[in-house]
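[1] when you get a sec, could you give me coordinates for this:
(chains A and B)
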Amino acid sequence: MLVQTLVIAATSSAYMMLLALGFTLIFGLMRIVNFAHGEFVMLGAYAVYVLTVPCGLNYFVAIPLAGLFAGLCGVVAERLIFRPFLGDELGAMITSLALAIILQGAVMIVFTVDQLSVPRPISGVLHFGSIYLPNDQIFVAGSSFLVVIAFHFLVHHTRLGLALRAVAQDTEIARAYGMAPSVILPLAFGIGCVLAGLAGALTVPLYAVNPFMGEAALLKAFIVVVLGGLGSLPGAMIAAVILGTTDAVISVWFSATMATLVSFVLVVIILIVKPSGLWGRA
Amino acid sequence: MRLDISGLSVRYGAVEALNDVSIAAREGCITAIIGANGAGKSTLLKAIAGLVDVSDGQISANGVALVDKPPEARHALGIALSPEGRRLFPELTVVENLMTGAIRRTDRDRVAADITAVYDLFPRLKERRASLGRNLSGGEQQMCAIGRALLSRPSLLLLDEPSLGLAPKVVGEMAHAIERVARSGVTIVLVEQNSRLALSISSDAFLLEAGRMIMSGPAKDMLADKRLQDVYLGT
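    Numbers count the residues shown, from 1 in each chain, chains lettered A, B, ... in the order given. Below you'll find the model as predicted:
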């Protein structure tokens, strides 16, 4: 039971990290609270559906393509929709709400509101003695962690990552050293959306696909990022582990409803003690 | 790189920070901009780097007009600023801050050697290389900000108060470091409150007062000027 709970906690934490890292990256660089973040998760999930069911592509090939698709949509959204609102936090936030509604509507027109599902690509369980671990959960947890590690490498060990952090910390001086916002910002937005799209693509076989699935994803990203400190990458990772573990443990031992309740109470308590979040600077 | 500024005016709302300022900096020389607090010295450097909007006048580098170019395009021409307040990236380490200066360079294999050269110039930075920008002392931040500017291999280096926050013993070393950079062919525009120091290492100098350029000439003549000595050199 303990090992099983740990695997569920790891899956849940890794999924939350994927959701929250993209959300907080976008906020950190552009001060956009992107209410459409969940819709990029949904786009990733629908991309997997389209690629695997009607097109018959292999699920594992569809995952990176779905991430890329969500990322491209993100780049386009940044250039076309968010660019005029740079520096206008309220305007960008309202725009992101509008984008969320537009994307939901567009998906409803094309795919209707029906639940769609993708055949499970992985089945079976691993069992050691009395411990049973579902293979598909291990796959989600493992691949999510790999994506998080790849993202961490990108941010900390590449020139692009250095530019992302520099622009987030002082846009003006970053510009004076040649880091052009017109290049860095769409890339950052795109990378955030790739992470969201991958989160959607990886969890498609576990959950059904519908036009409103982004709302739950956004809520998860939101509480993780608020707890960790808006705009902070390490904060998002730590908060994802805290909330993912809390959620898993309470879901297993009590109920999912209780888990959601406790998660939010935990966030409220931490914010009363430290309003800027665990890793945030006031 | 030769820098020419003519009739430059900069306004912050109703406040005129610079009014009809004309300045030239010769290639490979140190040009000092001196003046009291609030005279517009830092604004002048920001205008050259593209960080403030110019309301009137022209700025050109080697004959290329700069006023309509964004900061990143000016950086690409070889202009680097060590700004007022140092403005290090607070959550980046010293090495990372230095590397941001070199981020657009294409000769990547030579960046490591240039970082070593900055450590030779400021040995203290080497000891602090893994510390975050926000945890450095004022003097260390100053060295790191100048190092960051040097790592972009500039043709025109804009230094805003490089002696600020340094221990008196280190001020002399900093002056030597600046002279050495100029001897390597870099044009330097040096803004300083410490007028005596600035004039002693510069070729040309300009005196700003309340946003206007009120005096200019060879630095050694200004150092000897009686009126200037009374007001700005404190002797």
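
[2] for chain A, what are the nearby residues on chain B?
    B:49-51, B:70-72, B:74-76, B:80-81, B:83, B:87, B:89-92, B:96, B:99-101, B:103-104, B:148, B:152 (CB under 8 Å from any CB of the partner chain). For every residue, glycine as well, the C-beta is placed using N, CA and C.

[3] buried ones among the residues you listed?
    Judged by neighbour count, with 16 or more other CB atoms under 10 Å in any protein chain shown as the criterion, the buried members of the residues of chain B next to chain A are B:49-51, B:71-72, B:74-75, B:80-81, B:83, B:87, B:89, B:91-92, B:96, B:99-101, B:103-104, B:148, B:152.

[4] kindly list the main-chain dihedrals of residue 158?
    With no chain named, the answer covers chain A. Backbone geometry at A:Thr158, expressed as degrees, to the nearest 10, gives phi -130, psi 160.

[5] let me rephrase: I mean chain B.
    With angles defined as degrees, to the nearest 10, B:Leu158 shows backbone torsions of phi -110, psi 120.

[6] cool, and B:Leu157?
    According to degrees, to the nearest 10, the main-chain angles of B:Leu157 amount to phi -110, psi 120.

[7] and it, what are its bridge partners?
    Beta-bridge pairing of B:Leu157 under DSSP bridges involves B:Ala80, B:Ile188.

[8] do the same with B:Leu8
    B:Val21.

[9] in this structure it contacts B:Ala17, no?
    No - the pair formed by B:Leu8 and B:Ala17 falls short of the contact definition of CB atoms under 8 Å, at 10.2 Å.

[10] flag every buried residue along stretch B:21-37.
    Going by neighbour count (16+ other CB under 10 Å), the buried part of stretch B:21-37 is B:Val21, B:Ile23, B:Ala25, B:Gly28, B:Cys29, B:Ile30, B:Thr31, B:Ala32, B:Ile33, B:Ile34, B:Gly35.

[11] and the nearest residue to the fourth one once chain neighbours are set aside, what's its pLDDT?
    Put plainly, it is B:Gly28. Closest residue to B:Gly28 in three dimensions, ignoring its sequence neighbours and counting by CB to CB, 6 or more residues apart in numbering or on different chains: B:Gly185, at 5.1 Å. For B:Gly185, the pLDDT comes out at 93.

[12] what do you get for A:Gln4?
    pLDDT for A:Gln4: 81.

[13] ok, it - contacts?
    Shown in contact with A:Gln4 (CB atoms under 8 Å, 6 or more residues apart in numbering or on different chains): A:Ile131, A:Tyr132, A:Leu133, A:Val252.

[14] which stretch of helix or strand covers it?
    Counting by DSSP states H and E, the element that carries A:Gln4 is helix A:2-30.

[15] what does the most centrally placed residue in chain B show for phi and psi?
    For chain B, the residue nearest the mean C-alpha position is B:Leu159 (1.4 Å; CA atoms, centre = their mean). Taking degrees, to the nearest 10, you get phi -110, psi 120 for the backbone angles of B:Leu159.

[16] in chain B, which spans are strands?
    Using DSSP state E, the strands of chain B run over B:3-12, B:15-25, B:30-35, B:56-61, B:64-65, B:79-82, B:156-160, B:187-192, B:204-209, B:212-218.

[17] for stretch A:156-166, C-alpha coordinates in CSV please.
    The C-alpha coordinates for stretch A:156-166 follow below in CSV (Å, rounded to 0.1, in the frame of the first residue of the first chain):
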residue,chain,number,x,y,z
HIS,A,156,20.2,26.0,-16.5
HIS,A,157,22.6,24.7,-19.0
THR,A,158,21.9,26.3,-22.4
ARG,A,159,22.2,29.8,-23.8
LEU,A,160,18.5,30.0,-24.4
GLY,A,161,17.9,29.1,-20.7
LEU,A,162,20.3,31.8,-19.6
ALA,A,163,18.5,34.3,-21.8
LEU,A,164,15.1,33.2,-20.4
ARG,A,165,16.2,33.8,-16.8
ALA,A,166,17.9,37.1,-17.6
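
[18] quick check: mean pLDDT across that stretch?
    The average pLDDT within stretch A:156-166 is 96.

[19] where in the stretch 1-150 of chain A is pLDDT low?
    By pLDDT under 70, the stretch 1-150 of chain A has no low-scoring segment.

[20] tell me the helices in chain B, going along the chain?
    For chain B, applying DSSP state H gives helices covering B:41-49, B:71-76, B:94-101, B:111-121, B:123-127, B:138-151, B:168-183, B:195-201, B:219-224, B:226-228.

[21] can you list the ones you listed in TSV and add distance to A:Ala10?
    Converted to TSV, the helices of chain B look like this (distance: least, CB to CB, whole Å):
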stretch	distance to A:Ala10
helix B:41-49	48
helix B:71-76	42
helix B:94-101	31
helix B:111-121	39
helix B:123-127	40
helix B:138-151	40
helix B:168-183	51
helix B:195-201	60
helix B:219-224	66
helix B:226-228	71
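
[22] one step back: the buried residues of stretch B:21-37: which two are farthest apart?
    Farthest pair in the buried residues of stretch B:21-37 (CB to CB) is B:Gly28 and B:Gly35. Separation: 24.0 Å.

[23] mind listing what the residue lying closest to B:Glu192 once chain neighbours are set aside touches?
    In space, not counting the residues next to it along the chain, B:Glu192 is nearest to B:Ala198; the distance is 3.6 Å by CB to CB, 6+ apart. Shown here is B:Ala198, whose contacts under the criterion CB under 8 Å, 6+ apart are B:Ala32, B:Ile33, B:Ile34, B:Leu190, B:Val191, B:Glu192, B:Ala205, B:Ala219.

[24] which bits of the stretch 51-200 of chain A sit near chain B?
    In this structure, the stretch 51-200 of chain A approaches chain B at residues A:159, A:162-163, A:165-166, A:169-170, A:172-180, judged by CB under 8 Å from any CB.

[25] so of these, which ones are in strands?
    Checked against DSSP E, these include nothing in strands.

[26] closest one of those residues to B:Leu66?
    Nearest to B:Leu66 among those is A:Ala176, at 12.7 Å by CB to CB.

[27] report how many residues lie close to residue 151.
    As the question left the chain open, I've gone with chain A. By the other CB atoms under 10 Å in any protein chain shown criterion, the neighbourhood of A:Phe151 contains 23 residues.

[28] wrong chain, I was asking about chain B
    Here the number of neighbours of B:Leu151 (other CB under 10 Å) works out to 23.

[29] so it makes contact with B:Leu98?
    Yes - taking CB under 8 Å as the definition, B:Leu151 is a contact partner of B:Leu98 at 5.3 Å.

[30] common neighbours of those two, please.
    Common contacts of B:Leu151 and B:Leu98 (CB under 8 Å, 6+ apart): B:Ile115, B:Val118.

[31] give me the number of residues near A:Ala166?
    Number of residues near A:Ala166 (other CB under 10 Å) recorded here: 24.

[32] pretty sure it contacts B:Leu92?
    Yes - checked against CB under 8 Å, the pair A:Ala166 and B:Leu92 is within contact range at 6.8 Å.

[33] can you list residues touching both of the two?
    Common neighbours of A:Ala166 and B:Leu92 (criterion: CB under 8 Å, 6+ apart): B:Thr100.
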